[in-house]
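> here are the coordinates; sequence isn't available:
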């Protein structure tokens, strides 16, 4: 049996090999409730990849997310490091928080370890070759960026078309200088479509995740009964389904009026990602997801290029499987294969 540390180290090398630059300062930010094998593997991988100084901070989990602010010492250390790897647990704010603002505002780079338990981090999506995944996702993103419209159809009944008006972002775990943000392990071409253009039906039949940009609330998780979502002029006008649809209704009812807008279309590109009950689900090659609500933060430091105009306290991802994706009538993904 392979030890947890060895498994974590194999996965961490994918992150370090594409992100760590020779001689730069790296900070690993972890938490006391995180598996020590993950923390140790990230430090070892960054050191082996040629980092100069590698340091670590371990945070104590907060009592609640509502008013949490990272300690000033942690914020200062992250703002000073060239690259920060955030490996705290889901007990902490993530992706759109004071830590992200401190790092990106200082012109530095951030890689966020996705909200997976350590065994899931070390298996599944992290098994993809990091450079190959980056190259594949760039091809898909380029095709979307150069198109005027994208049509997604699925075996479950999805038939949705959106207009394209801005570049499509690559999200694979690589934190470039433009956006400064990587999510690892991941794999998607992430687009903020032209507002007001989504038309048709999207059938969420796999997974749902809510990013609470403000406040907090329940998650959707695996979807056992499909949710049929109907869009006109970019807005959700009707929905049908069972218990998970009613949960979605309650989440949206507690949000602002902008949450009815389709804010994102994401195309999964990772052939190793699995249909499990966390964010890895939406990165699978052969899936697509939409997000209801906020898109003005997409792109992180590059939000002025990649983000849209919808401002909301919610960003609700919903995933469908077995998709065919076409740009301006040309199919680019079918049968879980990239055709370009």
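That came through, no problem. For clarity, every value in this text was computed on a predicted model and none was experimentally measured.
> show me where the stretch 51-200 of the chain has helices.
72-80, 98-105, 118-122, 130-145 (DSSP state H, counting those that start in this stretch).
> Of these, which stretch is the most buried?
helix 118-122 (a mean of 21; mean count of other C-beta atoms under 10 Å). Heads up, the C-betas are built off the backbone N, CA and C, glycines and all.
> Packing partners of it?
On a contact count with 3 or more C-beta pairs under 8 Å, 6 or more residues apart in numbering; DSSP states H and E, helix 118-122 meets helix 4-19, helix 36-48.
> The longest one: which residues count as buried?
By 16 or more other C-beta atoms under 10 Å, the buried positions in helix 4-19 come out as 4-5, 7-16, 18-19.
> pLDDT on the helix or strand hosting residue 251, on average?
Using DSSP states H and E, residue 251 sits within helix 243-253. Per-residue pLDDT values over helix 243-253 give a mean of 98.
> repeat for stretch 119-127
87.
> Need the contact partners of it.
4, 7-8, 10-11, 14, 38, 113-114, 116, 184-187, 270, 272-274, 276, 278, 280, 283 (C-beta atoms under 8 Å, 6 or more residues apart in numbering).
> Next: stretch 92-112.
For stretch 92-112, using C-beta under 8 Å, 6+ apart, the contacting residues are 15, 19, 29, 31, 59, 61-62, 65, 68-70, 74-76, 78-86, 88, 115, 173, 175-177, 180-184, 211, 213, 297, 300-301.
> Endpoint to endpoint, that stretch covers what distance?
Using C-alpha to C-alpha, to the nearest Å, one end of stretch 92-112 lies 12 Å from the other.
> of the contacts of stretch 119-127, buried ones?
4, 7-8, 10-11, 14, 38, 113-114, 116, 184-187, 270, 272-273, 276, 278, 280, 283.
> Spatially central residue for the chain, please.
Per C-alpha atoms, centre = their mean, the C-alpha nearest to the average position across the chain is that of residue 183, at 6.0 Å.
> How about that one: what's its closest non-neighbour residue?
Closest residue in space to residue 183, ignoring its immediate chain neighbours: residue 112 at 5.2 Å, by C-beta to C-beta, 6 or more residues apart in numbering.
> Which strand residues bridge the one you found?
For residue 112, the beta-bridge partners are residue 86, residue 183 (DSSP bridges).
> do you know how far it is from residue 250?
28 Å (C-beta to C-beta, to the nearest Å).
> More neighbours: which of the two?
residue 112 (22 against 11; other C-beta atoms under 10 Å).
> correct me, but residue 115 touches residue 279?
Yes. With contact defined as C-beta atoms under 8 Å, residue 115 reaches residue 279; the gap is 5.8 Å.
> Give me the more crowded residue out of these two.
residue 279 (22 against 18).
> OK, contacts around that one?
Going by C-beta under 8 Å, 6+ apart, the list of residues near residue 279 reads 114-116, 186, 209.
> rerun at 10 Å
94, 114-116, 120, 125, 183, 185-186, 207, 209, 211, 273, 317, 319 (C-beta atoms under 10 Å, 6 or more residues apart in numbering).
> Out of the residues you listed, which one has the weakest pLDDT?
residue 116 (68).
> need the helices and strands packed on helix 118-122 in TSV with distance to residue 325 and mean pLDDT, can you?
Formatted as TSV, the helices and strands packed on helix 118-122 follow (distance: least, C-beta to C-beta, whole Å; pLDDT from 0 to 100):
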stretch	distance to residue 325	mean pLDDT
helix 4-19	25	92
helix 36-48	33	94
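> Export those to CSV and append columns for distance to residue 98.
Shown next, in CSV, are the helices and strands packed on helix 118-122 (distance: least, C-beta to C-beta, whole Å):
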stretch, distance to residue 98
helix 4-19, 22
helix 36-48, 21
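> so which of those gets nearest residue 144?
helix 4-19 (21.8 Å; C-beta to C-beta).
> centre of the chain versus the helix or strand following the closest one, how much separation?
Using DSSP H and E, the helix or strand that follows helix 4-19 in sequence is strand 26-31. Mean-position distance between strand 26-31 and its chain equals 19 Å (C-alpha atoms, centre = their mean, to the nearest Å).
> any residues in contact with both of residue 115 and residue 279?
If you check residue 115 and residue 279 against C-beta under 10 Å, 6+ apart, the residues they both contact are 94, 183, 209.
> which stretches of the stretch 101-250 of the chain aren't confidently modelled?
116 (pLDDT under 70).
> ok, which stretches of it are strands?
Taking DSSP state E, counting those that start in this stretch, the strands of the stretch 101-250 of the chain run over residues 109-113, 149-154, 159-163, 169-171, 181-184, 188-191, 199-204, 207-212, 221-222, 227-232, 235-240.
> Endpoints of stretch 266-283, how far apart?
First-to-last residue span, stretch 266-283, C-alpha to C-alpha: 9 Å.
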